[in-house]
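Undergrad: predicted model, plus sequence, below.
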Amino acid sequence: MILITHVETAVATQGDPIAAAQVHQALAQRALLPQEHLVDAAHGAGETVVKSQTEYDVDLLCPVPPDNSWQAHDPDAFPLTRFTSDWAAQRVLCPQGKISHLWNQEHGPRGKPTIKVQFRRACEVRSHCTRKKTDPRDLTLHPQSEQQALQGARERQQTPDFAQRYARRAGIEGTMSQSAYALHLRRSRYIGQARTHLQHLLTASAINLIRAVAWLEDVPRAQTRRSHFAALAA
């Protein structure tokens with residue numbers, strides 16, 4: 001029997017990664033931190049994965065954004081995974097064995113720290129690396145821990161083990177569906193965040209009670225519904 005152990009109420013404009021940190025902090029205070037936390041793709045940033053691991057020793061299991069660069073989709077091109085970063089020396093080695101000549105600490109559009117890496121222009125396989133006419137190939141990296149965590153997560157989510165472990169996320173989606181459709185969680189009955197949080201607590205308690213009664217009475221779990229579109233595709 002799976003029960004809800006924590007309820008967090010946030011304003012709609014707050015990002016999911018912030019909520020995840022708040023949940024981890026609250027669970028840590030009650031010694032209820034999980035070893036593995038299954039979340040959706042909104043949490044799939046290197047910074048969030050690293051903080052969960054280093055601050056709370058929680059493995060954040062979620063899909064992370066893929067490399068959407070054209071080089072990652074061209075079998076003849078050089079994607080980021082073909083480059084080797086020497087973080088101590090602050091340089092990058094390209095697949096052709098050439099060493100970067102520029103390593104600058106910068107900030108991204110949202111103020112997060114990034115690293116700008118650039119190579120020289122002369123290269124015999126330039127077309128495999130960049131489509132720029134004159135400018136050299138440049139790379140944008142996250143800080144070391146975040147970049148390595150992001151790359152590791154991208155590799156992990158391609159494995160059968162990840163698919164098997166993440167399949168349990170269906171139970172979480174089922175819980176949210178139960179709260180939204182059976183208990184009308186999407187409509188706030190009160191004004192103000194504090195009162196809305198009280199409603200959320202009562203809803204979570206109701207779900208736990210429903211599940212406890214079903215477990216005591218040996219009620220079988222409902223089967224996952226299959227959409228009409230999935231049936232047509234099959």
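TA: It's in.
Undergrad: which residues in this protein form helices?
TA: Along the chain, the segments classed as helices by DSSP state H run 16-29, 46-56, 144-156, 160-166, 169-177, 193-216, 228-233.
Undergrad: which stretch among those is buried most, on average?
TA: Each of the helices of the chain was scored by mean neighbour count; the highest is helix 46-56, a mean of 19, by mean count of other C-beta atoms under 10 Å. C-beta coordinates here come from the backbone N, C-alpha and C atoms, glycine included.
Undergrad: alpha carbons of that helix, in CSV - could you do that?
TA: Output of helix 46-56 as CSV, limited to C-alpha atoms (Å, rounded to 0.1, in the frame of the first residue of the first chain):
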residue,chain,number,x,y,z
GLY,A,46,21.6,19.2,-14.0
GLU,A,47,21.4,21.7,-11.1
THR,A,48,18.3,20.0,-9.7
VAL,A,49,19.8,16.5,-10.0
VAL,A,50,23.1,17.5,-8.4
LYS,A,51,21.4,19.3,-5.4
SER,A,52,19.1,16.4,-4.7
GLN,A,53,22.1,14.0,-4.6
THR,A,54,24.6,16.2,-2.7
GLU,A,55,22.3,17.9,-0.2
TYR,A,56,19.8,15.1,0.5
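Undergrad: which helices and strands does that helix pack with?
TA: helix 16-29, strand 59-61, helix 144-156 (3 or more C-beta pairs under 8 Å, 6 or more residues apart in numbering; DSSP states H and E).
Undergrad: so how far is it from its chain's centroid?
TA: Remark: helix 46-56 is offset 11 Å from the chain centroid, using C-alpha atoms, centre = their mean, to the nearest Å.
Undergrad: who's in contact with it?
TA: Under the criterion C-beta atoms under 8 Å, 6 or more residues apart in numbering, residues 17, 20-21, 24-25, 28, 33, 37, 43, 58-60, 62, 64, 112, 142, 145-147, 149-150, 153 lie in contact with helix 46-56.
Undergrad: contact partners for the residue nearest to the spatial centre of the chain?
TA: The chain has residue 44 as the residue nearest its centroid, 1.6 Å off, counting by C-alpha atoms, centre = their mean. Residue 44 makes contact with 62, 63, 64, 65, 153, according to C-beta under 8 Å, 6+ apart.
Undergrad: identify the residue spatially nearest to the second one, adjacent ones excluded.
TA: In space, residue 63 comes closest to residue 41 once its chain neighbours are excluded; the distance is 4.5 Å by C-beta to C-beta, 6 or more residues apart in numbering.
Undergrad: what's the local residue count around that neighbour?
TA: By other C-beta atoms under 10 Å, the residues close to residue 41 number 12.
Undergrad: wouldn't it be in contact with residue 61 here?
TA: No. Using C-beta atoms under 8 Å, residue 41 is not in contact with residue 61, being 11.4 Å away.
Undergrad: can you list residues touching both of these two?
TA: By C-beta under 8 Å, 6+ apart, no residue touches both residue 41 and residue 61.
Undergrad: could you check how far residue 107 is from residue 47?
TA: Per C-beta to C-beta, to the nearest Å, residue 107 is found 13 Å from residue 47.
Undergrad: no wait, residue 128
TA: Relative to residue 47, and taking C-beta to C-beta, residue 128 is found at 31 Å.
Undergrad: what do you get for residue 172?
TA: Taking C-beta to C-beta, one finds residue 172 at 22 Å from residue 47.
Undergrad: could you do residue 191 as well?
TA: Distance from residue 191 to residue 47, by C-beta to C-beta: 34 Å.
Undergrad: what about residue 119, neighbour count?
TA: Residue 119, neighbours per other C-beta under 10 Å, totals 22.
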